[in-house]
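*Asks:* what shape does this take:
(one chain, ligands or ions: 1)
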Amino acid sequence: MTIQLQVPDMACDACAKTITQAVLVLDSQASVKADSQTKQVTIETQASESSVRKAITAAGYNPV
Ligand SMILES: [Cu+2]
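*Replies:* Now for the predicted structure:
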């Protein structure tokens with residue numbers, strides 16, 4: 001399943017990396033593309049959208 005999220009408080013590449021890591025902890029098989037310019041995170045994963053959102057929130061970001 002592909003999940004697309006906007007994360008407005010992903011300000012820079014370090015944020016993008018933190019978010020990517022948070023998703024990979026949830027699902028090590030996930031493919032994550034986080035772009036701090038567009039604030040867009042695209043995730044290909046077997047995990048549910050709500051669990052992905054929770055992981056990103058736990059990392060300190062607020063997906064829209
Ligand atoms: Cu940052």
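*Asks:* residues near the closest residue to residue 11 other than its chain neighbours, how many?
*Replies:* Spatial nearest neighbour of residue 11, chain neighbours left out: residue 36 (6.4 Å); criterion: C-beta to C-beta, 6 or more residues apart in numbering. Using the backbone N, CA and C atoms, a C-beta is placed for each residue, glycine as well. When neighbours are defined as other C-beta atoms under 10 Å, residue 36 has 17 of them.
*Asks:* isn't residue 36 up against residue 9?
*Replies:* No - the criterion here is C-beta atoms under 8 Å, and residue 36 misses it with residue 9 at 10.2 Å.
*Asks:* name the residues contacting each of those two.
*Replies:* Counting by C-beta atoms under 8 Å, 6 or more residues apart in numbering, the common neighbours of residue 36 and residue 9 are residue 15.
*Asks:* mind listing what the nearest residue to residue 2 once chain neighbours are set aside touches?
*Replies:* Once flanking residues are discounted, residue 2 sits nearest to residue 44: 5.3 Å by C-beta to C-beta, 6+ apart. Residue 44 makes contact with 1-3, 30-32, according to C-beta under 8 Å, 6+ apart.
*Asks:* can you rerun that using 10 Å?
*Replies:* 1-3, 27, 29-33 (C-beta atoms under 10 Å, 6 or more residues apart in numbering).
*Asks:* write the PyMOL selection for whichever of the residues you listed are buried.
*Replies:* In PyMOL, this line selects whichever of these come out buried by 16 or more other C-beta atoms under 10 Å:
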select buried, resi 3+27+30+32
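*Asks:* just checking, which of the contacts of residue 44 belong to strands?
*Replies:* 2-3, 31-33 (DSSP state E).
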